[in-house]
Each structure stands twice: as structure tokens, then as C-alpha cells.
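In: could you look at this predicted model? Sequence included:
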Amino acid sequence: MNATFFAAVSRMKYIERWALMRSSRTENLSEHAMEVAMIAHALCIIGNVRFQKHLDAERAATIGLFHDASETITGDMPTPVKYSSDEIRCAYKQVEAIAAERLLSRLPEDLRPVYRSILLPAEHGSDQDSRYLLRLVKAADKISALIKCIEEETTGNTEFRTAKKSIQQAIREMAETLPEVDCFTREFLPAYGKTLDELS
């Protein structure tokens, strides 16, 4: 079998995010996925160390790494379009699921169940810990988007000002029930946008 799954997923590096926005620096999907994976992992570690939870940080990182893999088929739909109505949001979720199935079909059959649990994590694990972990991955996705807004603002680009406000509000709401998000945004987020000398 000529398995094309990983070759297809590797094309994430060619998909640019924020297509409708004027960026001072383009961000591709691979960069975003790595950042989401790193932050999701950190959120779980914070939960385990500070709040005595038993979250699978490695699973969160893996889900974060692949969370947008279906966009190698669908492309990146801009958020204002994706969430402009309930109908479009519902239709896009169906498109994402179909794209995930197409990606899975590019794997040898014996590997598909493992990657199905990563690409379609909501299907695998309806217990409280699994649902909580997915909420942390979603929060990591939002935090990554906020970091992009901060970086753009630091360069003097005002294009991301409105996006920053709405993302900040969404994160504040998440932090009300996810203490890990509150910790990360208070302790780690302020360093983003600083110069290299300021970080040293």
C-alpha cells in the first residue's frame, strides 16, 4: 500500500493562517499546530501539578499537533466566516469530519484506530477527564491565536486589534472554569511580544 497520510499532513506548512488579515509575518498551520501542542501540554502539566488532576499531557499535545490536520484537505476557513451562522458552523464541522475520514483512509488499516482517536478525539472518550482535556486543547488553540495578535500588535500592525479583543474575551470566559488557563495567561502570556533582550 502506498500510504500518503504523513505526506499529506506534512503539507500543513503550506497552509497560511489568517488569510483575510494583513500580517506583518505569515503564520503557517505547522507553526500553529506546534504552538497549540506545546501550550496544551503545559496546561495539562499545570492542572496535574497545581490542581491535583490526572490529565494525559502527552495525549493533549498529540491532539494539539494534529488538531487542524484536516485543513490539508479543506484549507483554513477564516474564523469570521466559520462562525458567522449556526448553519455554516454546523456544515463546516461536517466538512472537517469528512476531511478527517479522508485523511484516515490514507493510512494502513491497522494504524487507523490509533489516529482516529487523535483526529476525531470527541468520538473516543466521553468521560469527564477526556472532555476536560479537549477543552484545554481548545483553550490552547485560542491562546495561540492571541499570541499571534500580540506579536502583530508589537510590530505596529493594528489589523489584529478587533480579533485580539474577541479572543481575549473568549479566553477570559474559558479561564472561569479552567484554572490552568488562568495560570498560563497570568504567568506566561505577558512575556510574549517582548524583545529577545527583554526575555534574557
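Out: Great, that's in hand.
In: going by C-alpha atoms from here, please, whenever you check contacts or count neighbours.
Out: Fine.
In: where is the longest helix in this structure?
Out: Ordering each helix of the chain by length in residues (DSSP state H) puts helix 128-154 first.
In: from the contact counts, what lies against that one?
Out: Packed against helix 128-154, as judged by 3 or more C-alpha pairs under 8 Å, 6 or more residues apart in numbering; DSSP states H and E, are the following elements: helix 29-51, helix 57-66, helix 161-175.
In: most neighbours per residue, which of those helices?
Out: Highest mean neighbour count of those: helix 57-66, a mean of 23 (counted as mean count of other C-alpha atoms under 10 Å).
In: which positions within the helix or strand following that one qualify as buried?
Out: Downstream of helix 57-66, the next assigned helix or strand under DSSP states H and E is helix 71-74. For helix 71-74, a neighbour-count test (16 or more other C-alpha atoms under 10 Å) marks E71, T72, I73 as buried.
In: what is helix 71-74 packed up against?
Out: helix 86-104.
In: ok, and what's touching the helix it packs on?
Out: The contact list for helix 86-104 (C-alpha atoms under 8 Å, 6 or more residues apart in numbering) reads 5, 8, 69-71, 73-74, 81-83, 112, 115-116, 119-120.
In: returning to what we had before: let me have the buried residues of helix 71-74 in CSV, adding pLDDT as columns.
Out: Below are the buried residues of helix 71-74 laid out as CSV (pLDDT from 0 to 100):
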residue, pLDDT
E71, 92
T72, 92
I73, 89
